[in-house]
Structures are given as C-alpha cells and as structure tokens.
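Student: got a sequence here, can you model it:
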Amino acid sequence: MLLRKSAVCALMLGLLLTGCGNRGMPVIKQEIMDKKISVLMLSSPALSNQAKQSIGKALLEWRNNQAITFEWLKDLAGIG
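Tutor: Numbers count the residues shown, from 1 in each chain. As a prediction, the model looks like this:
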C-alpha cells in the first residue's frame, strides 16, 4: 500500500514537473523586426487639448489598424 502511494505521488510529481517546463522567451526574427514601423511623437506644452486629442486618436488608429507602435512624449520643454 505504501509502495503504491509512493508510486502514485512520484508519477504525479513527474507529470507536474514535465507540464511546467521552461520554453523560454519567444524570439522575434530579425526580418520581422526590420519591417516593424514605429513612431516617436514629441509635443510641446503649448499644444492645444484639441490637437492632443486628435494626435492621440490618430496614433491609436495607426496602432490598431496598421500595427504601428508609438511612443508619445508630451509637454516637452524647449519644443516649439
């Protein structure tokens, strides 16, 4: 009986360990990275709220429709 419980526990532990294997981080191929489009948007504090909303909407549409990534640095001093 003890041998049977030990065998079942060992089997369960083995299944658990094999099911949680480390597959590593996925790697993006360089050719895909070369085709990726990204935009860096810089704006000054003098930009109106309406313009900020319009730019934000356009950036989100580009991301959703064309898979373009973006980084928007708002209200940078010394621009404008």
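Student: strands of this structure, start to end?
Tutor: Using DSSP state E, the strands found in the chain span residues 38-42, 69-73.
Student: between those, which gets nearest to Gly14?
Tutor: Gly14 lies closest, by C-beta to C-beta, to one member of these: strand 69-73, at 42.3 Å. Quick note: C-beta positions are derived from backbone N, CA and C, even for glycine.
Student: okay, buried residues for the closest one please.
Tutor: Neighbour-count burial for strand 69-73 flags Phe70 (criterion: 16 or more other C-beta atoms under 10 Å).
Student: excluding chain neighbours, what is closest to the residue nearest the centre of the chain?
Tutor: What sits nearest the mean C-alpha location of the chain, by C-alpha atoms, centre = their mean, is Thr69, with 10.1 Å. For Thr69, ignoring the flanking residues on the chain, the nearest one in space by C-beta to C-beta, 6 or more residues apart in numbering is Ser38 at 4.4 Å.
Student: can you report how many residues lie near that neighbour?
Tutor: Neighbours of Ser38 under the rule other C-beta atoms under 10 Å: 8.
Student: and the pLDDT at it?
Tutor: At Ser38 the predicted local confidence, pLDDT, stands at 90.
Student: what's the separation between it and Leu60?
Tutor: Per C-beta to C-beta, to the nearest Å, Ser38 is found 14 Å from Leu60.
Student: follow-up on the earlier one: looking at the strands of the chain, which is closest to Lys5?
Tutor: For the strands of the chain, distance to Lys5 was read as C-beta to C-beta. The smallest value, 54.0 Å, belongs to strand 69-73.
Student: residue ranges for the helices of this structure, please.
Tutor: Using DSSP state H, the helices assigned to the chain run over residues 2-19, 30-35, 49-66.
Student: pLDDT weak spots in the protein?
Tutor: Within the chain, the ranges that satisfy pLDDT under 70 run 16-25, 79-80.
Student: now, of the helices of the chain, which is deepest in the fold?
Tutor: When you average the neighbours per residue for each of the helices of the chain (mean count of other C-beta atoms under 10 Å), helix 49-66 leads with a mean of 12.
Student: now do that one: which elements does it pack against?
Tutor: If you count contacts as 3 or more C-beta pairs under 8 Å, 6 or more residues apart in numbering; DSSP states H and E, helix 49-66 packs onto strand 38-42, strand 69-73.
Student: no further queries at this time; thank you.
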